[in-house]
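Engineer: Okay, sequence plus prediction incoming.
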Amino acid sequence: MAQITWKDFEKVEMRVGTIVKVEDYPEAKKPAYKLLIDLGELGIKKSSAQIIKLYSKQELLGKQVLCVTNFPPKQIGNFVSEVLTTGFVQENGEVILAVPERKTPNGSKLA
């Protein structure tokens, strides 16, 4: 993978948010949830996440996650994802969510 500069990295805005609503997304090509994430001053944003095999809806409610907030909205089927919920892709394709180690105010930026 090509190296990037610090200026390149600074262009990516990553913030922490709390999942406040989780819905099934049966229309998705790959099994996914629709998430509503409270990002503090940025408001509540929508995201689609292919994490149904490792996480139940109940387990996701109230969970804090790290999101990329400055990508343009992405149309995913009949749903518009406003932020990218980040995670670590495993060899089997499953995604483990990237989360803060401690409770963090919603909207806090990754530094």
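Structural biologist: Here it is on my side, so go on. All values derive from a computational prediction rather than experimental measurement. Numbers count the residues shown, from 1 in each chain.
Engineer: can you give me the helices in the chain?
Structural biologist: Applying DSSP state H to the chain gives helices spanning 6-10, 57-60.
Engineer: now those in TSV, with distance to Val83?
Structural biologist: Bear in mind the C-beta positions are built from the backbone N, C-alpha and C, glycine included. Formatted as TSV, the helices of the chain follow (distance: least, Cβ to Cβ, whole Å):
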stretch	distance to Val83
helix 6-10	18
helix 57-60	15
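Engineer: From those helices, pick the one with the highest average neighbour count.
Structural biologist: Ranked by mean neighbour count, the helices of the chain are led by helix 57-60 with a mean of 13 (mean count of other Cβ atoms under 10 Å).
Engineer: Contacts for that one next, please.
Structural biologist: Helix 57-60 is contacted from outside by 19, 22-24, 33, 35, 51, using Cβ atoms under 8 Å, 6 or more residues apart in numbering.
Engineer: among those residues, which are in strands?
Structural biologist: In strands, defined here by DSSP state E, the members of the contacts of helix 57-60 are 19, 22-24, 33, 35.
Engineer: in the protein, which ranges drop under the pLDDT threshold?
Structural biologist: Residue ranges of the chain with pLDDT under 70: none are present.
Engineer: Contact partners for Pro100?
Structural biologist: The contact partners of Pro100, taken as Cβ under 8 Å, 6+ apart, are 16, 64, 66.
Engineer: what residues are up against the residue nearest the centre of the chain?
Structural biologist: Centroid-nearest residue in the chain: Thr85, 1.2 Å away (criterion: Cα atoms, centre = their mean). Thr85 makes contact with 35, 37, 47, 49, 51, 65-67, 97, according to Cβ under 8 Å, 6+ apart.
Engineer: picking that back up, now for the contacts of helix 57-60: which two are most distant?
Structural biologist: With Cβ to Cβ as the measure, no two of those lie farther apart than Ile19 and Asp24, at 14.3 Å.
Engineer: ok, those two, which is more surrounded?
Structural biologist: Higher neighbour count among Ile19 and Asp24: Ile19, with 23 against 12, using other Cβ atoms under 10 Å.
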